[in-house]
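In: Generate a structure from the sequence data that follows.
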Amino acid sequence: MERTAHEWEQGVGGQPVSEDDVMAKPGGIGMPENGFNRHPREKPPTSDELMEAMKRYYEFTIDVFGVDRRMFELNFPVDIVTCSYNVLWNSFKCLVADNSAGEKAELFHDTATRGYRAKFCSDTGVAADSRQILSQPPRPPPMPTAARGARM
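Out: Numbers count the residues shown, from 1 in each chain. Below you'll find the predicted structure:
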């Protein structure tokens, strides 16, 4: 895993990015292809374990891009091989627990809003004030209709 992380950091580059229109949205970091061996475990990782295992990647991109050009990403349903939706979302919250409210707003909302030039409707549940951080993770997308009746 150390070699994979080093190669990844070299690919991203170690110097702060100066171009204002370049943003980072790392995702799928916990996948087996990236050296994470969480899959054969008897119990899935906790949010704290996941945060500790992946924080090098996330802190590196925050250092290189800054909070105003870095956003969190949930790579679901693909990431389900690593952890649950809530565990991944909570690991992000653990990672930035000591950051200011403004920095959290950038990482969880504002950067994505600017990057995608998104406009949110009042019925989406997202507060009009982009500085408000939702206290609960967003709901995962509904299962496709065909999967609802399938037996496991």
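
In: what comes up buried for stretch 95-106?
Out: Counting neighbours by 16 or more other CB atoms under 10 Å, one finds that the buried residues in stretch 95-106 are 95-96, 103-106. (Glycine included, C-beta is placed from N, CA and C.)

In: and the residues you listed, which two are the farthest apart?
Out: Farthest-apart pair in these is L95 and A105; separation 15.0 Å (CB to CB).

In: Which of the buried residues of stretch 95-106 fall in helices?
Out: Among the buried residues of stretch 95-106, the members falling in helices (DSSP state H) are 95, 103-105.

In: Format those residues as TSV; extra columns: distance to T61.
Out: As requested, those are exported to TSV (distance: CB to CB, whole Å):
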residue	distance to T61
L95	11
E103	14
K104	16
A105	17
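
In: Tell me the one of these nearest V67?
Out: Checking these one by one against V67 (CB to CB), the nearest turns out to be E103, at 4.6 Å.

In: Hmm, V67 and the closest one touching each other?
Out: Yes: judged on CB atoms under 8 Å, E103 makes contact with V67 at a distance of 4.6 Å.

In: residue boundaries of the strands in the chain?
Out: Here the chain has no strands by DSSP state E.

In: Since that was my last question, I'll sign off now.
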